[in-house]
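# any chance you can model this:
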Amino acid sequence: MNAASEHPAPSAAIPAFADLRGKTALVTGGSRGLGAATALALARNGVRVALNGRDPDALAASAAALREAGGEADTFAADCAELAQVEAMRDAVLARFGAPDFVLAFAGGGSGRPMPVHEIDEREWRSSLDHNLTATFFTVKCFLPGMLARGSGALLTMASAGARVVAGAPAGYAAAKAGVIALTRQLAHELGPRGLRANCLSPSAVLTERTRANLPPQRQAQMLAAFPLGRLGEPADVAMASLFLLSDASAWITGTVLDVAGGRVMV
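Below you'll find the model as predicted:
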C-alpha cells in the first residue's frame with residue numbers, strides 16, 4: 001500500500017435508496033471521473049440515466065458500464081457551455097425519458113495553470129467561466145421548466161475546494177466555482193416554494209483517472225497532511241454523497257454546500 005492510501009477508502013457497497021428507483025437523472029460531465037462514478041451509482045439504484053459529455057467514445061464506454069450493471073442509460077453528446085447544444089440535448093432527453101427528476105450539473109473542469117491574476121489572459125478567464133459557471137447555468141435554465149411543471153425533483157451542482165479556500169487553484173476556476181455555489185443558493189431560495197431542492201457538492205483532491213495521471217504517488221503522499229482523514233478522495237466518495245443529496249433522506253436539506261473533502265475544508 002502506498003503512502004497516499006495509508007487510510008484506504010471504505011470498500012462497502014454503494015448504498016441503496018429505495019425512493020430513487022424508477023426515477024430519471026441527467027448527469028452532465030457523465031463520461032468520465034466524478035460524473036461517470038455518480039451515474040453508475042444512480043444506475044445501481046434503479047435510476048434511468050441520461051449521460052452527457054463532449055466525447056462520444058467516452059460517453060459510450062460510460063453508458064456500457066451502466067448497462068453492464070443492470071441500469072438503463074442513453075447518451076447525449078453536447079458542450080454545456082453552448083446554449084444551442086444544451087437546448088438540443090434537452091429536446092432529445094425529453095423525447096427519450098421525459099423531464100428528469102434529477103439534474104446533476106457536473107460538467108466543468110480546470111482551465112490553465114495557476115498564475116498571478118494580472119497574468120491571466122482573456123481566453124483563459126472566459127474559458128474558466130464558460131465551462132464551469134455558464135455551463136451550469138445553461139443546464140439548469142434548459143431543464144428547470146420541465147421539473148417545475150412536475151413540482152418535484154432535485155438539482156445537484158459541482159463546485160470545488162478551490163471555491164471554498166485559497167488552495168492554489170487557477171483564479172478563474174475558483175471564481176467560476178464560487179459562482180456555482182452562489183447560483184445554487186439562489187436556486188434553492190427560488191425553488192423551495194415550488195417543491196424542488198438545490199444543493200452543491202464541493203470535492204477536494206479526488207483521485208479520478210486524470211488526477212492520478214497528473215499526481216505522482218510521491219506528490220499524493222505529500223498532500224496527505226492537509227487531510228485529517230488521512231487519505232485522498234475516491235470518485236465513490238462523491239457518488240455516495242450525491243445519492244444522499246438526491247434521495248428523500250435529505251428531504252429537508254436545500255441550499256447547502258457539502259464539502260466532500262476529507263476534513264480539509266471546514267467552513
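
# so where's the protein shaky on pLDDT?
The model of the chain has pLDDT under 70 over residues 1-12, 111.

# what's the following helix or strand after the longest strand along it?
In the chain, taking DSSP state E as the definition, the longest strand is strand 196-203. Following strand 196-203 in sequence order, the next helix or strand is helix 209-214 (DSSP states H and E).

# give me the distance from the longest strand of the chain to the chain's centre.
9 Å (C-alpha atoms, centre = their mean, to the nearest Å).

# go on, stretch 142-154?
19 Å.

# picking that back up, so what strands line up beside the longest strand of the chain?
strand 153-158 (parallel), strand 257-260 (parallel) (DSSP bridges).

# reformat those as CSV; add distance to residue 36.
All C-beta atoms are positioned from the backbone trio N, CA, C, and that covers glycine. Compiled in CSV, those are given as follows (distance: least, C-beta to C-beta, whole Å):
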stretch, distance to residue 36
strand 153-158, 13
strand 257-260, 16
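
# residue 56 touches residue 75, doesn't it?
Yes - counting by C-beta atoms under 8 Å, residue 75 is a contact partner of residue 56 at 7.3 Å.

# and the closest residue in space to residue 202 that isn't next to it in sequence, what does it touch?
Of all residues not flanking residue 202 in the chain, residue 159 sits nearest, at 4.2 Å (C-beta to C-beta, 6 or more residues apart in numbering). Applying C-beta atoms under 8 Å, 6 or more residues apart in numbering, we find residue 159 in contact with 177-178, 180-181, 184, 200-202, 257.

# circling back: more neighbours, residue 56 and residue 75?
For residue 56 versus residue 75, neighbours defined as other C-beta atoms under 10 Å are more numerous around residue 75 (21 against 11).

# please tell me I have it right and the more buried one contacts residue 49.
No - in this structure, residue 75 is not within contact of residue 49 by C-beta under 8 Å, at 9.6 Å.
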